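*Asks:* Need a 3D model of the following:
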Amino acid sequence: MKVALCIDSLLTRDDSIFLLEMALNLFPNSEIYTIAHKQGAILGTIETRPIVSSFLTHKAKNLDVFKKNFWIMPSAVKAMPMHKSIEKVIVFSRGYVHGLNFPIGLQSYLYIVDWNLVDQTHLGWQKVFAPYVNDWREKALTRYKKIAVSSEVLKGELELPNAEVIQPTFRTEEYPFVKDEDHNFLFSHHLIYSHDLSAENFRSIVKVLIAKGETVRVMGPNEHLNAVKKEFPQIDFAGDHCEATSAMYSHQAKAVWDFSRNFFPSKAFGGLCTGRPVVVPDNKINREYLTSGTYFLKNFEEQNINSLYTEIEGSFLTHDRRTLRRLGLKWNERLFKSRMVKFLDKNE
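*Replies:* Okay, here's the model as predicted:
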């Protein structure tokens, strides 16, 4: 059976790309359809497959430009040609690619990974087109008989009572666990991921931590934090690296701070996999997925950060590392694959 795997973009590696790779393991001879593709940006097995993209490929060379073209997304998606030999369509949608045109007789499966890839609250003149785009993508949902979503939160937001919830996964093997006999139990720093963390909010956190005499290490992009670097030169900026490098820093952290805006808290789960507690924003997605070993920060006011720091100081040594590891591995690759096999009506 000729299968098409569809995803919104192939411009940079993120958690949705890993989910696509998991599906590609199930259907290794698939063609891939995407709105925008930058050749060589993803690498791995995806780049070895035939990839069909829309006219936005020529404009959107990165994710920021892709999002700015939100207003012409319906035209780009509907114009994507699907080969007549395709018999089965599996869509990993972050809010747009599910609107593509395909013959009614095709087997079609929709997994809604995310609905808010584009933050519509920060649109400029493009917001004029928002009602049209949103109406188009909501109506496109009616073309699918089988729909799954990545969280109970998303299921409620989209009012899809019959949708199946299939929790995503992440590269758990990239977060090794240091056994007790090999660990010195010197938890020497706070590890902060800078992804989606504004300079103002980052400064609010490190100001408190450094005033308490803590060592602060930062992983992720940091060009936007240059002013804070000058103000606090003692901060260790390690750069933006892969998960395995992050794990080297996190297993000796008092706590791992992650404020990524994502459909699934993979970095926080990575911290738990290494046996360390995590700090995350107090929002619905994090409350759904994260339980023990998690500190929830309501806002970035100094009083709240101080209060949370006191809570961490009083408990970071009490967490059982193996228990945190098990929590981190809860949504593993094997579980995701088995649930997708069942959802896609595929026999292993």
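*Asks:* mind checking how far residue 310 is from residue 212?
*Replies:* Distance from residue 310 to residue 212, counting by CB to CB, to the nearest Å: 9 Å. The way it works is simple: take the backbone N, C-alpha and C, and place the C-beta from them, glycine included.
*Asks:* Identify the contacts common to those two.
*Replies:* Common neighbours of residue 310 and residue 212 (criterion: CB atoms under 8 Å, 6 or more residues apart in numbering): none identified.
*Asks:* got any ranges where the stretch 51-200 of the chain has weak pLDDT?
*Replies:* Low-confidence segments of the stretch 51-200 of the chain (pLDDT under 70): 181-182, 184-185.
*Asks:* Could you pull out the strands in the stretch 101-250 of the chain for me?
*Replies:* Using DSSP state E, counting those that start in this stretch, the strands of the stretch 101-250 of the chain run over 107-112, 146-149, 164-165, 189-193, 216-219, 236-239.
*Asks:* Mind putting the ones you listed into JSON lines with mean neighbour count?
*Replies:* Putting the strands of the stretch 101-250 of the chain into JSON lines (neighbours: other CB atoms under 10 Å) gives the following:
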{"stretch": "strand 107-112", "mean neighbour count": "22"}
{"stretch": "strand 146-149", "mean neighbour count": "21"}
{"stretch": "strand 164-165", "mean neighbour count": "14"}
{"stretch": "strand 189-193", "mean neighbour count": "23"}
{"stretch": "strand 216-219", "mean neighbour count": "21"}
{"stretch": "strand 236-239", "mean neighbour count": "13"}
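*Asks:* so residue 35 makes contact with residue 66?
*Replies:* Yes: contact criterion CB atoms under 8 Å: residue 35 and residue 66 qualify, at 7.5 Å.
*Asks:* Name the residues contacting each of these two.
*Replies:* 9, 56, 60.
*Asks:* ok, now which ones touch the second one?
*Replies:* In this structure, residue 56 makes contact with 35, 36, 66, 69, 72, 73, 76, judged by CB under 8 Å, 6+ apart.
*Asks:* Could you measure from the third one over to residue 10?
*Replies:* In this structure, residue 66 and residue 10 are 10 Å apart, going by CB to CB.
*Asks:* Show me the common contact partners of these two, please.
*Replies:* residue 36.
*Asks:* Report the separation between the residue nearest to residue 277 when sequence neighbours are not counted and residue 331.
*Replies:* Nearest residue to residue 277, sequence neighbours excluded (CB to CB, 6 or more residues apart in numbering): residue 293, at 4.5 Å. Here the criterion is CB to CB. By it, residue 293 lies 15 Å from residue 331.
*Asks:* Quick check: phi and psi at the closest residue to residue 28 other than its chain neighbours.
*Replies:* Distances taken as CB to CB, 6+ apart place residue 45 nearest to residue 28, at 7.8 Å, with adjacent residues excluded. The phi/psi pair for residue 45 (degrees, to the nearest 10) reads phi -70, psi -30.
*Asks:* residue contacts, residue 45?
*Replies:* Per CB under 8 Å, 6+ apart, neighbours of residue 45: 21, 24, 28.
*Asks:* List the residues that contact the first one.
*Replies:* With contacts defined as CB under 8 Å, 6+ apart, the neighbours of residue 21 are 44, 45, 46.
*Asks:* Please point out which parts of stretch 71-84 sit buried.
*Replies:* Residues 71, 73, 74, 76, 77, 80, 82 are the ones in stretch 71-84 that count as buried (16 or more other CB atoms under 10 Å).
*Asks:* So which of these are in strands?
*Replies:* Among the buried residues of stretch 71-84, the subset assigned to strands under DSSP state E is empty.
*Asks:* just those now: which is nearest residue 237?
*Replies:* Distance to residue 237 across the buried residues of stretch 71-84 (CB to CB) is lowest for residue 73, with 35.5 Å.
*Asks:* count of residues packed around residue 12?
*Replies:* For residue 12, the neighbour count with other CB atoms under 10 Å is 13.
*Asks:* follow-up on the earlier one: the more surrounded of residue 293 and residue 331?
*Replies:* Between residue 293 and residue 331, counting by other CB under 10 Å, residue 293 is the more crowded of the two (24 against 19).
*Asks:* picking that back up, pretty sure the residue nearest to residue 277 is in contact with residue 326, am I right?
*Replies:* No: applying CB under 8 Å, one finds residue 293 not in contact with residue 326, separated by 10.1 Å.
*Asks:* still on that earlier bit, need the shared contacts of residue 35 and residue 66 in a markdown table with distance to residue 299 and secondary structure, can you?
*Replies:* As requested, the shared contacts of residue 35 and residue 66 are exported to a markdown table (distance: CB to CB, whole Å; DSSP: H, G, I helix; E, B strand; the rest coil):
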| residue | distance to residue 299 | secondary structure |
| --- | --- | --- |
| 9 | 32 | strand |
| 56 | 37 | helix |
| 60 | 34 | coil |
